[in-house]
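Peer 1: sequence? don't have it. structure:
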């Protein structure tokens, strides 16, 4: 009996960066749960944002079957990574295995989730405060990354976590200020190498990077090093742009 060939690569910085970007840039994901009634795997689509620490956030209705299934069994997984031209299997994707934790209303965590979600999905303001809608944090346990032919990795859930120094409220205030300053982020998008599109806007900031959105195009830029503290807005922008220009000159 021959030994089974190990097709997995040892996780390297490029693989880790790709995994984080696939999750943090996703506007929506395929969400898999164990159906409460039949026990079969059930897959649906969910809009997604990420918390300051990189943990995926979903907003779901209590009327949806996948919500009831998550409450009955919090184990779930999500698939992130959009296809492009050519073979769909040639494009990177990641399956993240997670434990769903419902976010209680009238808590700082709920307020933060609400702001982060609206930054990514402004049209969700139409229903985000309905009493039957609630947020779930999908706490990463482990992940399977397919980065393309011959690039398969397994990651620990902790690899997705972003250290958040200081008070989360300070980061949220900084995020809000920068998003106001960059209502039109098209020039910033060009500097950081985002796909060509018009009308980019900033859709979120955290200690590891920021998200830019233009219509259906979503782009994640990651800092070389995570920000150590929520600096004043101008200083933060100066650090970001200085780091970007240094990268482009190399």
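Peer 2: On my side now, so go ahead. These numbers were taken from a predicted model, which means no experiment stands behind them.
Peer 1: Just list the residues touching residue 161, thanks.
Peer 2: Contact analysis of residue 161 by CB atoms under 8 Å, 6 or more residues apart in numbering lists 53, 54, 55, 140. From N, CA and C alone the C-beta is placed, and that goes for glycine too.
Peer 1: phi, psi of it?
Peer 2: phi -80, psi 140 (degrees, to the nearest 10).
Peer 1: ok, the contacts of residue 161 vs residue 32, which is closest?
Peer 2: Relative to residue 32, the closest of the contacts of residue 161 is residue 140; by CB to CB it sits at 14.5 Å.
Peer 1: hang on, the closest one in a strand?
Peer 2: Yes - judged by DSSP: H, G, I helix; E, B strand; the rest coil, residue 140 forms part of a strand.
Peer 1: Dihedrals phi and psi, residue 95?
Peer 2: Dihedral angles (degrees, to the nearest 10) for residue 95: phi -110, psi 120.
Peer 1: which residue packs closest to it, ignoring adjacent ones?
Peer 2: residue 144 (4.7 Å; CB to CB, 6 or more residues apart in numbering).
Peer 1: Report all helices and strands that the helix or strand hosting that neighbour contacts.
Peer 2: Assigned by DSSP states H and E, residue 144 falls within strand 133-146. In terms of contacts (3 or more CB pairs under 8 Å, 6 or more residues apart in numbering; DSSP states H and E), strand 133-146 is packed against helix 13-24, strand 56-61, strand 93-102, helix 108-120, strand 152-156.
Peer 1: Isn't residue 201 up against residue 182?
Peer 2: Yes - between residue 201 and residue 182 a contact is recorded at 7.1 Å, counting by CB atoms under 8 Å.
Peer 1: all strands of the protein, in order?
Peer 2: Taking DSSP state E as the test, the strands found in the chain are 28-34, 41-50, 56-61, 75-80, 93-102, 133-146, 152-156, 201-206, 209-214, 217-222.
Peer 1: nearest to residue 169, of those?
Peer 2: Nearest to residue 169, of the strands of the chain and by CB to CB, is strand 201-206 at 13.7 Å.
Peer 1: Show the end-to-end separation of stretch 89-106, please.
Peer 2: For stretch 89-106, the first-to-last residue distance is 43 Å (CA to CA, to the nearest Å).
Peer 1: Can you give me the buried ones in that stretch?
Peer 2: 92, 93, 94, 95, 96, 97, 98, 99, 100, 103 (16 or more other CB atoms under 10 Å).
Peer 1: residues touching the second one, list them.
Peer 2: Contact criterion CB under 8 Å, 6+ apart gives 22, 79, 80, 81, 146 as the residues in contact with residue 93.
Peer 1: Identify the bridge partners of it.
Peer 2: residue 146 (DSSP bridges).
Peer 1: Quickly note the distance from it to residue 21.
Peer 2: 12 Å (CB to CB, to the nearest Å).
Peer 1: repeat for the fifth one
Peer 2: Between residue 96 and residue 21 the computed distance is 13 Å (CB to CB).
Peer 1: nearest residue to residue 21 other than its sequence neighbours?
Peer 2: Using CB to CB, 6+ apart, the closest residue to residue 21 is residue 220 (4.7 Å).
Peer 1: ok, now which ones touch residue 49?
Peer 2: 56, 57, 113, 116, 117, 119, 120, 121, 204.
Peer 1: Now do residue 166, the pLDDT please.
Peer 2: Residue 166 carries a pLDDT value of 82.
Peer 1: Next, give phi and psi for it.
Peer 2: Dihedral angles (degrees, to the nearest 10) for residue 166: phi 80, psi -170.
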